[in-house]
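Asker: Whatever this is, show me its structure:
(chains A and B)
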Amino acid sequence: MRFSTRSSHYRHYRHYPRPGIPRLNRPCRVIVALFSWLSIVPPGLASEAVDAPPESAEQMPLVRCHALDDTGDETAQNCYLELLRSELDDAVRGEALWRMGNTGAANRAFRRANQTDPGNPELLTRWGLLFIEVHQAADAEALFTEALTIDPLYTDALLGQAKLLADRFEGRAQDLISEVLTREPEHPGANVLLARLHLEVGNVDTARTVLTGLIDNTLETGERLDSYALLAAADHVSGETPSPWTTRALELNPKFGDIYAVPAHFYVITRRYTEAVELLEQATRINPDHWPAHADLGINLLRLNRFVEAREHLEAAYSGDPYNAEVVNTLRLLDSLSNFDTISSANLVMRLHKSESSVLAPYVREFVRDTEEIMAPRYRYKLERPVVIELYQHHDDFAVRTAGLPGIGILGATFGDVVVMDGPSAKTAADGFDWVSALWHELAHVVTLNATNNLVSRWFAEGVSVFEEWRYGPSPNNSVPFSFLEAMKDDRLLPVADLDEGFIRPRYPEQISVSYLQSGLLCLFIADNFDDGLNNILEAYGDGATTVEAINRGLSLTPEELDEVFADYLDERFGGVLARLDELRETTRDAAAAFKAGRWTDAMTSAEQAIDLYPAYVGPASAYLLLARAAEHGKIPEKRMAALEGYWRAGGRDPGALNNLAQGYHDDARLDEAIAVQSVLARAVPLEAEHHAKLGDWLSAAGRHTDAVFEYESVLALAPHDKASAHFKLASALHQLDRTKEALRELLYALEIAPRFRPALLLLVEINQ
Amino acid sequence: MMAAPNRKLFFGVLTSVCFFVAHHAQSAETRALIVAGLGGEPGYETEFQRHANTFANRLREISNDITLLLGELANRDAVRSALAGINQRASADDALVLVFVGHGSYDGEHFRFNVPGPDFTATDLAGWLEPVPAERQLVVVTGSSSGAVHAPLEHTGRLVITATRSGDERNATVFARYFHEALDADAADIDKDLRITAQEAFSYAANGVSHHYASRQTMATEHPLSEGPDGAIVLAQLTSLPTIDPVVSPAYEHRDALEEAINALRADKNSYLTADYYAELQRLLLELVVVEMQIEDAAEEGR
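Answerer: Alright, predicted model coming up:
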């Protein structure tokens, strides 16, 4: 399936308050209020707008219309129509058309205005803001850049760029806002955006301070409503509901949908989808034409597994804003779900592609059972509702399901009880994708999110999931890549109190993955050094504690003290490697170079040195794998097997290496070990019939016929080329288990394809004796 | 359900003698020409010659008339001459197998086999094949753009197998690797008669090519294509087959009749209730086992 990528990679924060115009049939005007140019409310039209500055005479008709619009007056549309009959200035016409929801005509008007008055930074910025509203971030960015080329200090263009960066959750947004506030400390738009960024990383008090300082100033209605919506969001984030700011906003504009949609955004980014959906329902109720709210409602209903309602709202959103790529993509994805099987039981709902469901369902069932019986009790939690698991064949389908847009860099996402992720055919195991570990990671999220009613912090949720993967997951290991060691060396790890920022607004390319690893190591450290530490912290989050409070309560430490003892732990664990990191890199390079040149002995020597320096490393370019290959070329089978065994024991899961190791064990008549490795391989690469067939044969040879039946059934579910053999082998295993009727059925299937199939004929005779 | 045959007797004769004798299709001679084209670089050169040798070696088990052209010998004149020679030796009952391993090119009009010296086109080849009397013919072209040969080589009784579905698939192919692997693979023997037919080899190779690209998550740049009558041309046998023993030829005839009955039953599957269908299938299969035992016993006594 192909998806549009016109919009940015992350959801726009589109609900930034702007008084809605009921029944004007246009998208929410998120941006206008932040970057006011013409939309100043005349005195007296909005009760709380005080001392608005006077406007020029030619702008007054537009200002009058905006005033009606900003307060939800239904005559606003007539006002704009009247204006368009007499107004000749294309810049003003563009504003009116934009407010009326005719973004195409507004764009044309701005273009004409730009031809008449080229190089006007104000006009370019307004035009750019229009492009943001129609999801054309690249065009918007180009116009802001053009405006800033003409006037490098033009505030609204700088804020336009900051808005784009903030929508992509990029840390540089903060720098641009600071630049504006240094020059204009009371700039409303900059302060509102700053408050938003603070709220997004949980600095609620700071956000409130910014906003309450702001609303004491003279503000136009739109800016005031923006501030109220964020103040309401702060109340929601803090659990202080109902918020008085909601009432005040609705007094100004009874159809101001963003008073609900904006707080919903903060629920969404803190994974509280049920609360977000409730607010978005209210937003669409008071303003049925609030298309972004419909879009967000549709997408978040999907996260709650409420597909029918989701489609209704997505279709509503599409009817009002057909340019929203997230909506279009999600509707296309919903259409494609007809190719999926939905398999439901008391504790589990699976959505799996029809071509894979027979093979994958048993594995998923097993992991969910283990989660219920083993993992959840470890965190003193009991799964209460069915877990929903969706596995996608294509990464972009998963991305659209998660964020509405293709191109996101994650492998799985958990929305409360709903887990969606890349399935084993979305990425290859050879590229390092371990779908079973990814599933275990997400199931840990189900536990931590539900145990805290979604109040758990990002770093702790990810930390527990990574810890679970490493210690108890289907592929346990905790190999830390070089990028983490380098971040340690360069002192780029974040204090635990700020660790969430490493996920939300990364400041260097690897920071998200470094933050995952740091969080995992923190949880590993806590689990090993504090009795019930993880559970105490989890419980504190469940009670609404902040990270600082949760660490205090859970460990009787301040975050700074935790940072200190954790740093000692890291030094102890990685200090040795860190001190010889350059040597490790050099040795690894030497091994690779020798291998490439066919100097097998040199390659083996260097690889062994690299393993000695960092035996736990099984990531990309692992020295174990290089050693095994060099030993193979050097014809030293014992060394090759030893390298493969070392790799396997350290947690390495490269399918080619496991295949070689399993075969090596089998050839050495070490059947149990061969089966152990082959079992992991067959599960890691579950859609390869060959792995299941080989495992089935070995299990049969070991007399483990029940397990063999499972593997042969997997082979058949994968529609193998040689169906007759697969049916026959299954029949043989069933026969060994005295499941004669099933055995006969499979045997006849085999002979139906290949009537002269000698071993099958022999078994038919035996069964009929 | 009919009575089961004597188990002890049936299990008594096992491994060394295969009781599935290819007696019809292989009674006539299979005459083969294997050509390895220009590699262009050492890697391809070696690979093409390895595949060509493998084909030839496997075919030697069923054929005494194999011409293998490698390196400089695999030129236009040699190919034409080899086919002229086969033309002299072949009869209508024979099967002709022509395998070309190597690069091809297609200019939108003509497919050219890349060989040392002047290339030859598919149209040239069609002309050289025209007088060959063998009524069952197989042409396998394993390289890039090979799909373009289907139109010029279309002919009654000729099965044409190519690595690509058109001349526009111009990248180097992996088809030959799987086609040659098929000749030695139990899994390629779909009907378990211990022989690999051209169609079985194609099916195995097409599956392998598809899996090759899918498992690497890369776009498939070749789509194998098979066009023409099956012809039951055998390319390899998975075990040595005894010649037909005239003493037991009635048993062979009985077995053929049973196989025909099974085929008819399968073709008519939809008109049966499922349980009745499989009951009847089982009855025929058990009868087939008895006949197989008779053939096996005769073979054992003859040794």
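Asker: Residue ranges of each domain in the chain, please.
Answerer: Defaulting to chain A. What the record gives for chain A is the domain set A:57-323, A:342-566, from automatic domain parsing.
Asker: other chain: chain B
Answerer: Split by automatic domain parsing, chain B gives B:30-237, B:242-302.
Asker: Most tightly packed of those domains?
Answerer: domain B:30-237 (a mean of 20; mean count of other C-beta atoms under 10 Å in any protein chain shown). For glycine as for every other residue, the C-beta is placed from the backbone atoms N, C-alpha and C.
Asker: Would you mind saying which of the domains of chain B lies nearest chain A?
Answerer: Among those, domain B:30-237 comes nearest to chain A, with 3.7 Å by C-beta to the nearest C-beta.
Asker: and that closest one, how far from the chain's centre?
Answerer: Centroid separation between domain B:30-237 and its chain, computed with C-alpha atoms, centre = their mean, to the nearest Å, is 10 Å.
Asker: Tell me if that domain is near chain A.
Answerer: Yes. Interface with chain A: domain B:30-237 contributes B:186-193, B:203-204, B:207, B:215-217 (C-beta under 8 Å from any C-beta of the partner chain).
Asker: if I pick A:Thr558, what's in contact with it?
Answerer: Residues near A:Thr558 by C-beta atoms under 8 Å, 6 or more residues apart in numbering or on different chains: A:548, A:551-552.
Asker: 10 Å instead?
Answerer: Contact analysis of A:Thr558 by C-beta atoms under 10 Å, 6 or more residues apart in numbering or on different chains lists A:496-497, A:548, A:551-552, A:564.
Asker: With B:Thr67 instead?
Answerer: Contacts of B:Thr67 (C-beta under 10 Å, 6+ apart): B:31-35, B:56, B:73, B:78-79, B:81-83, B:85-86, B:98.
Asker: before we move on, what about A:Pro386?
Answerer: For A:Pro386, the contacting residues are A:305, A:344-350, A:368, A:417-418, by C-beta under 10 Å, 6+ apart.
Asker: gap between it and chain B?
Answerer: Separation of A:Pro386 from chain B (C-beta to the nearest C-beta, to the nearest Å) stands at 32 Å.
Asker: where does that residue fall, phi/psi-wise?
Answerer: In terms of degrees, to the nearest 10, the main-chain angles of A:Pro386 are phi -60, psi 140.
Asker: What score does it have for pLDDT?
Answerer: Looking at A:Pro386, its pLDDT is 93.
Asker: what's the answer for A:Thr116, then?
Answerer: For A:Thr116, pLDDT reads 93.
Asker: That one: what's its closest spatial neighbour, skipping adjacent residues?
Answerer: A:Asp90 (6.6 Å; C-beta to C-beta, 6 or more residues apart in numbering or on different chains).
Asker: quick one: terminal-to-terminal distance for stretch B:84-102?
Answerer: 22 Å (C-alpha to C-alpha, to the nearest Å).
Asker: Low-confidence regions, chain A specifically.
Answerer: Scanning chain A for pLDDT under 70 picks out A:1-59, A:407.
Asker: tell me which residues of the single longest helix found in chain A are tucked away?
Answerer: Taking DSSP state H as the assignment, the helix of chain A that covers the most residues is helix A:559-579. Going by neighbour count (16 or more other C-beta atoms under 10 Å in any protein chain shown), the buried part of helix A:559-579 is A:559, A:562-563, A:566, A:569-570, A:573-574, A:577.
Asker: now swap in stretch A:85-100 and tell me
Answerer: A:87, A:90-100.
Asker: Same check on stretch A:181-190?
Answerer: Buried residues in stretch A:181-190, counting neighbours by 16+ other C-beta under 10 Å, are found at A:181, A:187-190.
Asker: Can you give the contact residues for it?
Answerer: Contacts of stretch A:181-190 (C-beta under 10 Å, 6+ apart): A:16, A:31, A:33-36, A:153, A:155-156, A:158-160, A:162-163, A:176-180, A:191, A:193-194, A:210, A:213-215, A:217-220, A:222-224, A:226-227.
Asker: now B:Arg31, what's its secondary structure?
Answerer: strand (DSSP: H, G, I helix; E, B strand; the rest coil).
Asker: Which parts of the stretch 201-303 of chain B are strands?
Answerer: Under the criterion DSSP state E, counting those that start in this stretch, the stretch 201-303 of chain B carries strands at the ranges B:225-227, B:234-237.
Asker: quick revisit: quick one: buried ones out of the contacts of stretch A:181-190?
Answerer: Buried among those (16+ other C-beta under 10 Å): A:16, A:31, A:33-36, A:155-156, A:158-160, A:162-163, A:176-177, A:179-180, A:191, A:193-194, A:210, A:214-215, A:219-220, A:222-224, A:226-227.
Asker: In helices, which of those fall?
Answerer: Short answer: the buried ones among the contacts of stretch A:181-190 in helices (DSSP H) are A:155-156, A:158-160, A:162-163, A:176-177, A:179-180, A:191, A:193-194, A:210, A:214-215, A:222-224, A:226-227.
Asker: ok and the residue in the stretch 601-750 of chain A nearest chain B?
Answerer: A:Asp722 (3.9 Å).
Asker: What distance do you get for that residue to B:Pro152?
Answerer: Separation of A:Asp722 from B:Pro152 (C-beta to C-beta, to the nearest Å) stands at 34 Å.
Asker: same check, this time on A:Glu326
Answerer: 52 Å.
Asker: ok so, going back, any chance of the domains of chain B in CSV, with mean pLDDT too?
Answerer: As requested, the domains of chain B are exported to CSV (pLDDT from 0 to 100):
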stretch, mean pLDDT
domain B:30-237, 93
domain B:242-302, 86
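Asker: wait, is A:Ile410 part of a strand?
Answerer: No. Read with three-state DSSP, A:Ile410 is coil and lies in no strand.
Asker: what residues are up against it?
Answerer: Contacts of A:Ile410 by C-beta under 10 Å, 6+ apart are A:395, A:398-399, A:402-403, A:421-422, A:438, A:512.
Asker: Which members of these occur in helices, if any?
Answerer: A:395, A:398-399, A:402-403, A:438, A:512.
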